[in-house]
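Trainee: need a structure here:
(one chain, ligands or ions: 1)
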Amino acid sequence: MYGGLATALAALVVVAPSWAEGTAEKTVHVEIHPARPDEMPTLRNLFVAYFYDLSQYDPNLIINEHGLPMWAPSGGPGPRTHDECAPFNWWIRDCCLPYLVRADGKLAGFLHVCADPDHLDPDVDFQLLDFYIAPPFRGKGVGRQAARLAFDAHRGRWQVFQLARNSPALAFWHKIIAEYTGNDHKNLDDGTQQRFSNGTVTTT
Ligand SMILES: CC(C)(COP(=O)(O)OP(=O)(O)OC[C@H]1O[C@@H](n2cnc3c(N)ncnc32)[C@H](O)[C@@H]1OP(=O)(O)O)[C@@H](O)C(=O)NCCC(=O)NCCS
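Mentor: The predicted structure is shown next:
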């Protein structure tokens with residue numbers, strides 16, 4: 001089902017609109033686009049880097065004896081090669097919409113949007129499951145623009161989570177969602193979950 005949706009979205013490239021004008025961010029041109037099937041190996045490489053990054057914030061995310069990040073509760077020795085790492089930790093990501101982020105045309109990160117009702121609360125339409133900006137592109141407003149573009153691409157009731165120890169992500173999402181919604185959002189779970197609506201889901 002979502003493979004079809006991803007294919008339909010493949011023609012869509014979302015670029016920073018006029019809200020980026022007049023700010024320092026206009027110096028970096030950010031776009032997100034649905035990852036094509038042939039781009040999925042690239043996205044999976046970024047996913048492994050993302051899991052390395054998150055392992056500093058979650059004791060269940062360990063670096064195994066092969067030097068790779070893994071979700072420890074899955075058990076076993078885990079992935080032995082880089083190529084095995086993303087599939088091992090993939091969980092529900094086949095049900096998500098994958099996007100790549102480009103900054104001034106260069107690959108800068110990825111994100112996953114979950115829109116599968118089987119994996120969402122009944123009062124949620126979209127969850128931002130993964131969001132990663134590679135280190136050389138951080139602190140330049142790339143994440144801010146990519147997040148806004150992802151939200152703009154999907155109208156409905158949103159949910160975003162952070163790991164409690166991921167203080168950079170907490171600071172980032174609190175700022176970005178407050179800006180995006182004009183403070184019209186809910187903070188739940190001691191500030192590690194945000195919910196807001198940016199419109200009504202349209203079906204085509
Ligand atoms: C968190 C992350 C997405 C931020 O991306 P980024 O492109 O560096 O963020 P931006 O430059 O757009 O920052 C926007 C705002 O977020 C805040 N922010 C960003 N990084 C921050 C940090 N490390 N510490 C504190 N605040 C931060 C700032 O307030 C900034 O506002 P400003 O531009 O007015 O100063 C990026 O560091 C990342 O990918 N981290 C690793 C993966 C991760 O933790 N993902 C989130 C999972 S929930």
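
Trainee: Strands along this structure, start to end?
Mentor: 14-15, 30-34, 61-63, 69-71, 96-103, 106-114, 126-133, 157-161, 186-188, 193-197 (DSSP state E).

Trainee: could you list every residue that touches the residue of the chain found nearest the ligand?
Mentor: Relative to the ligand, the nearest point of the chain is Gly143 (2.7 Å; C-beta to the nearest ligand atom). For every residue, glycine as well, the C-beta is placed using N, CA and C. Gly143 makes contacts with Gly109, Phe131, Ile133, Phe172, Ile176, as judged by C-beta atoms under 8 Å, 6 or more residues apart in numbering.

Trainee: The last one is in contact with Ala147, isn't it?
Mentor: This points to Ile176. Yes: Ile176 lies in contact with Ala147 (C-beta atoms under 8 Å); the separation is 5.0 Å.

Trainee: So between the two, which is more surrounded?
Mentor: Higher neighbour count among Ile176 and Ala147: Ala147, with 24 against 20, using other C-beta atoms under 10 Å.

Trainee: Can you name the residues that contact the more buried one?
Mentor: By C-beta under 8 Å, 6+ apart, Ala147 lies in contact with Leu128, Phe131, Trp173, Ile176, Tyr180.

Trainee: quick revisit: mean pLDDT lowest where, among the strands of the chain?
Mentor: Looking over the strands of the chain, mean pLDDT reaches its minimum on strand 14-15, with a mean of 67.

Trainee: Let me know the pLDDT of Thr203.
Mentor: Among the per-residue scores, Thr203 shows a pLDDT of 70.

Trainee: How much space separates it from Asp53?
Mentor: From Thr203 across to Asp53, the span is 35 Å (C-beta to C-beta, to the nearest Å).

Trainee: So between the two, which is more surrounded?
Mentor: Asp53 (17 against 3).

Trainee: Quick check: closest non-adjacent residue to the more buried one.
Mentor: Here the nearest residue to Asp53 in space, its sequence neighbours aside, is Tyr132; by C-beta to C-beta, 6 or more residues apart in numbering that works out to 7.2 Å.

Trainee: what's near enough to touch that neighbour?
Mentor: Contact analysis of Tyr132 by C-beta under 8 Å, 6+ apart lists Leu46, Phe47, Ala49, Tyr50, Asp53, Gly109, Phe110, Leu111.

Trainee: cool, and Trp90?
Mentor: Applying C-beta under 8 Å, 6+ apart, no residues qualify as near Trp90.
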